[in-house]
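**Q** Build me a model:
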Amino acid sequence: MLATKVDTAVSTAVEVMGLRFAYPDGVEALRGVNLAVRRGEKVALLGPNGAGKSTLLLHLNGVLRGTGQVRIGDVVLRHETLAQVRAQVGLVFENPDDQLFSPTVLEDVAYGPLYMGLSPEQVLERARRALAQVGMTGFEERSPHRLSLGQKKRIAIATVLSMEPAILALDEPTAGLDPRARRQLIHLLRELPQTMIVSTHDIPLVRELLPRTVVMDGGVIVADDETRAILSDSALLAAHGLEAF
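**A** Here you go, the predicted structure:
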């Protein structure tokens, strides 16, 4: 299958060029990844466990640093641009407990804007607006660790929305959710205007929400096309440990 050609003359939100990364144990997780995502696109990352999907997401805001180049908008990710890039890329981990650490929901959601040096009034305004976006107004004084998994995932998304990022990078956003919480989260993601890159095993989510799909396996991109084309290619899916339900 031919990769979808992305016209980089069009405003590009994310561009990854020749990205390589190996973990300390020597496992090469990314082996020369090239990817461009247009502003406003919603893209799925599919692949078996160990394909490199999460590792790629962690490179988009510098949590991990390999060789090659990551460009966010017109900013190349470097040590001196790290804060600028992290303000543009909101990374949401699979486990919300990795992201929530404050005594109250409001403190968690306000942490990013506070770190950005905004005034107390601006911090509070952003935090409240982000909570409203995810349907969690009224939870400000609750302990995030006493919430349901679905509520935690919404709060985790709010912690990045409060920084007003241009790009959302989400790792397995629907994992572990019951059907009602999953449906609520899909509705939320559909309404958000940001460029979105979503690593997931949730094929129905991909079919419903993400028009473009990138398949990774063994640290490389093996296919990149419209979602309907990817999900109708049973041989491709079988070859990379995937099934279209």
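**Q** Next, name the residue at the spatial heart of this protein.
**A** Nearest to the mean C-alpha position of the chain, by CA atoms, centre = their mean, lies Ala169 at 1.4 Å.
**Q** Val85 is in what secondary structure piece?
**A** Val85 is part of helix 82-88 when elements are defined by DSSP states H and E.
**Q** tell me the mean pLDDT for that helix?
**A** Average pLDDT, helix 82-88: 91.
**Q** Can you give me the buried ones in it?
**A** Across helix 82-88, burial judged by 16 or more other CB atoms under 10 Å covers Val85, Arg86, Ala87, Gln88. C-betas here are computed from N, CA, C, even on glycine.
**Q** before we move on, what about stretch 157-173?
**A** Going by 16+ other CB under 10 Å, stretch 157-173 has these buried residues: 157-173.
**Q** same question, stretch 95-106
**A** Pro96, Gln99, Leu100, Val105, Leu106.
**Q** that's a helix at the last one, yeah?
**A** Read it as Leu106. Yes - under DSSP: H, G, I helix; E, B strand; the rest coil, Leu106 falls within a helix.
**Q** who are the neighbours in contact with the residue nearest to it when sequence neighbours are not counted?
**A** Computed as CB to CB, 6 or more residues apart in numbering, the closest residue to Leu106 that is not its neighbour in sequence is Glu140, at 3.9 Å. Shown in contact with Glu140 (CB atoms under 8 Å, 6 or more residues apart in numbering): Thr104, Val105, Leu106, Ala127, Arg128, Leu131.
**Q** How far does stretch 84-92 stretch from one end to the other?
**A** One end of stretch 84-92 sits 17 Å from the other (CA to CA, to the nearest Å).
**Q** Check stretch 134-148 too.
**A** With CA to CA applied, stretch 134-148 spans 14 Å between its terminal residues.
**Q** And the strands in this protein?
**A** Counting by DSSP state E, the chain has strands at residues 12-22, 28-38, 42-46, 67-72, 75-76, 89-92, 167-171, 195-199, 212-217, 220-226.
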